[in-house]
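Chemist: got a predicted model here, sequence first, then my questions.
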Amino acid sequence: MTGLHPSGAGLARSEHGPAVLVAGALPGDRVAARWTEPAPGGRFGLADAFEILEESEHRVDPEYPRCALAGRCGGCPLARIDYATELELKTKALVADTLAEAGFEAARVLRPALGHDVGKRAGFRNKAILYPVDLTESGTTERRFGFFEARSHRVVPAEDCPQSPDWMKRTARALARATLSAELELYDETSGTGALRALLMRDGARFGSIEPSSDVRGLAVLVVNDFPPEGSAEFERIARTLVSAMPEGVSLVAHRNARPGNALLSFEPGASTVLCGRGAVDADLLGLTFEVRPETFLQVNSLQTPVLYDAALDALHLSPGDAVLDLYCGVGTISSVLARAVGPEGRVTGVELVEASVEAARANAKRNNLANVRFEAGPVETVLPRLALERAPTKAVLDPAYKGLADSVPAVLAKLPITDLVYVSCNPKTLVRDVKRLAAFGFELESVTPVDLFPGAFHLEAVAVLRRPGDAGS
Ligand SMILES: C[S@@+](CC[C@H](N)C(=O)[O-])C[C@H]1O[C@@H](n2cnc3c(N)ncnc32)[C@H](O)[C@@H]1O
């Protein structure tokens, strides 16, 4: 095997014939495989059976797998490979090659990847999305929650995912039983009938630590296709059954999403009904507290998020009194850390699309006693050109979603007197595309640092630092 495909399958390339994907094989394995030619228009041949002739030196000891579910659920396709190799492969394939293809000098700008400390990954996730499945044997049905198998919608029971905190494991098992006895039928994505679609859980994380705590702060969200109206006898019956199953400290919300497709939440006002608790949890991050609601964004890796934010903020060389933009600001985490760093004389402006996140960001700033930060709701591409800024920003953080910046954003940024720009991205492809667009306006790429927020998966976060001479904005 010469490489790894993003799905986690081993990739065999040869000079003669097509590349072949061998699910379960790793780079460095020598295998004998039975495979079929690529489908018409396809790039890869597919192996349906293989035998390992010589094991890769990068295989982890099968007695001590990085995850007991490795190879079954599709969550961590790289869990059978040692972590140093995983980091190296991801950095090359996702960041170095992408930079080089776009004409950047990867060897000059690429910094070493910031990964997890080896052996300190279990329990790092503060968010999990699980799907229900009914397993029926001899007429008895057992409901379970789990993840999709790679490249399918078949659910593999996985309540005990070692990446999640302990309360999530207990909650998933309890809700599997309770939803079955409350007679919530499983949603059928083909016919659009049935009720129960998914279980989303968010931990009120203490970022930077994954030590188990007796003070559970959990939020469980049952995503349902339909749910009886509040106040009806049916609502009361179901709510009673579900709430009585909840572990101590876990709030429960029913979230209606009747739209077909893979989008988990509906984002419609009134979609969420709190069945018990606050319907939100608090997360502690770098000495500040943030409220997390079902639909608000927060980085999912409790250990690595402070590493990511430190890398981004250090590069800005902040001084008291600076005026800073935080675009795509979510619930205002980066904005708040910036506001603390620039002091009462400084000014921070956050812009975010999701109204609920902006409300949370304002409440979070108030709670953290930060009076020098304000938030604007709406798409960056329309809000930024008409922002009435009290003081022109000279520094900016961009942290867009997977699709990156809208076409018009680099030109608008260029009109501001910004000299230091940090672009945080979960998609190196759109990052590199946008860095190229920004370069056309005089922003020069200084460095790119990969940060691993997704151990076990073929993803990397990256922090790009761009600089521009002080007199370039107009
Ligand atoms: C990767 S998250 C970053 C959030 C935040 N910086 C953090 O670290 O928690 C991207 C955010 O961009 C928001 N978003 C997506 N498209 C947007 C747009 N066109 N304009 C403004 N915000 C947008 C999403 O709602 C999400 O909160």
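Modeler: Perfect, I can see it now.

Chemist: enumerate the residues of the stretch 251-400 of the chain near the ligand.
Modeler: Contacts of the stretch 251-400 of the chain with the ligand, taken as C-beta under 6 Å from any ligand atom, map to 297-299, 328-330, 333-334, 351-354, 357, 379-381, 399-400. Yep, even glycine has a C-beta here, placed from its N, CA and C like the rest.

Chemist: neighbouring strands of the helix or strand containing residue 274 in the sheet, and parallel or not?
Modeler: In this structure, residue 274 is located in strand 272-276 according to DSSP states H and E. In the sheet, strand 272-276 lines up against strand 250-256 (antiparallel) (DSSP bridges).

Chemist: let's test this: mean pLDDT of the strand it pairs with, rounded?
Modeler: Averaged over strand 250-256, pLDDT sits at 97.

Chemist: in the protein, what residue comes closest to the ligand?
Modeler: Among the residues of the chain, residue 330 lies closest to the ligand, at 2.8 Å counting by C-beta to the nearest ligand atom.

Chemist: contacting residues for the nearest residue to that residue once chain neighbours are set aside?
Modeler: Using C-beta to C-beta, 6 or more residues apart in numbering and skipping residues adjacent in sequence, the residue nearest residue 330 is residue 297, 4.2 Å away. Residues counted as contacts of residue 297 (C-beta atoms under 8 Å, 6 or more residues apart in numbering) are 330, 331, 354, 357.

Chemist: could those residues go into JSON lines alongside neighbour count, pLDDT and secondary structure?
Modeler: As requested, the contacts of residue 297 are arranged in JSON lines below (neighbours: other C-beta atoms under 10 Å; pLDDT from 0 to 100; DSSP: H, G, I helix; E, B strand; the rest coil):
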{"residue": "330", "neighbour count": "23", "pLDDT": "93", "secondary structure": "coil"}
{"residue": "331", "neighbour count": "29", "pLDDT": "92", "secondary structure": "coil"}
{"residue": "354", "neighbour count": "17", "pLDDT": "88", "secondary structure": "coil"}
{"residue": "357", "neighbour count": "24", "pLDDT": "89", "secondary structure": "helix"}
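
Chemist: max pairwise distance over those residues: which two?
Modeler: Within these, two members stand farthest from each other by C-beta to C-beta: 331 and 354, at 9.1 Å.

Chemist: burial of residue 229, as a residue count?
Modeler: The tally of other residues near residue 229 (other C-beta atoms under 10 Å) stands at 9.

Chemist: dump the residue contacts of it.
Modeler: With contact taken as C-beta under 8 Å, 6+ apart, residue 229 is in contact with residue 235.

Chemist: do residue 129 as well
Modeler: Counting by C-beta under 8 Å, 6+ apart, residue 129 touches 198, 199, 200, 201, 264.

Chemist: does the strand or helix carrying it come close to the ligand?
Modeler: Secondary structure here is read from DSSP H and E; on that basis residue 129 sits in strand 127-137. No - using C-beta under 6 Å from any ligand atom, no contact is recorded between strand 127-137 and the ligand, whose separation bottoms out at 11.7 Å.

Chemist: strands paired with that strand, and their directions?
Modeler: Partners of strand 127-137 in the sheet, by DSSP bridges, are strand 140-148 (antiparallel), strand 196-203 (antiparallel).

Chemist: of those, which stretch is the most buried?
Modeler: strand 196-203 (a mean of 22; mean count of other C-beta atoms under 10 Å).

Chemist: residues contacting that one, please?
Modeler: Residues from elsewhere that reach strand 196-203 (C-beta under 8 Å, 6+ apart): 125-132, 145, 164-165, 167-168, 171-172, 175, 179, 184-187, 217-225, 255, 257, 264-265, 281, 283, 292, 294, 298, 302.

Chemist: domain assignment for the chain?
Modeler: The record's domain split for the chain, according to automatic domain parsing, is 3-59, 127-284, 297-467.

Chemist: single out the most deeply packed of the ones you listed.
Modeler: Each of those was assessed for mean neighbour count using mean count of other C-beta under 10 Å. The highest is domain 297-467, with a mean of 20.

Chemist: between the domains of the chain, which one is closest to residue 72.
Modeler: The stretch from those with the least distance to residue 72 (C-beta to C-beta) is domain 127-284; that distance is 5.2 Å.

Chemist: what's the end-to-end length of the closest one?
Modeler: Taking C-alpha to C-alpha, to the nearest Å, the span from the opening residue of domain 127-284 to its closing residue is 15 Å.

Chemist: which residues outside stretch 104-115 are in contact with it?
Modeler: Around stretch 104-115, the neighbours that count as contacts under C-beta under 8 Å, 6+ apart are 83, 87, 90-91, 95-97, 99-100, 304, 307-308, 311, 432, 435, 445-452, 455, 460.

Chemist: now, the residues you listed that are in helices?
Modeler: When the contacts of stretch 104-115 are checked against helices using DSSP state H, the ones located there are 83, 87, 90, 97, 99, 100, 307, 308, 311, 432, 435.

Chemist: out of the residues you listed, which one has the weakest pLDDT?
Modeler: The member of the ones in helices among the contacts of stretch 104-115 with the lowest model confidence is residue 83, at 88 (criterion: pLDDT).

Chemist: okay, now that residue: neighbour count?
Modeler: Using other C-beta under 10 Å, residue 83 has 21 other residues around it.

Chemist: ditto for the one 5 residues further on
Modeler: For residue 88, the number of neighbouring residues by other C-beta under 10 Å comes to 15.

Chemist: 22 is where my numbering starts, stick with that
Modeler: Happy to do that; since the first residue is 22 now, the last one works out to residue 109.

Chemist: that one and residue 99, how far apart?
Modeler: For residue 109, the distance to residue 99 equals 11 Å [C-beta to C-beta, to the nearest Å].

Chemist: joint contacts of those two?
Modeler: In terms of C-beta under 8 Å, 6+ apart, residue 109 and residue 99 are not both contacted by any residue.
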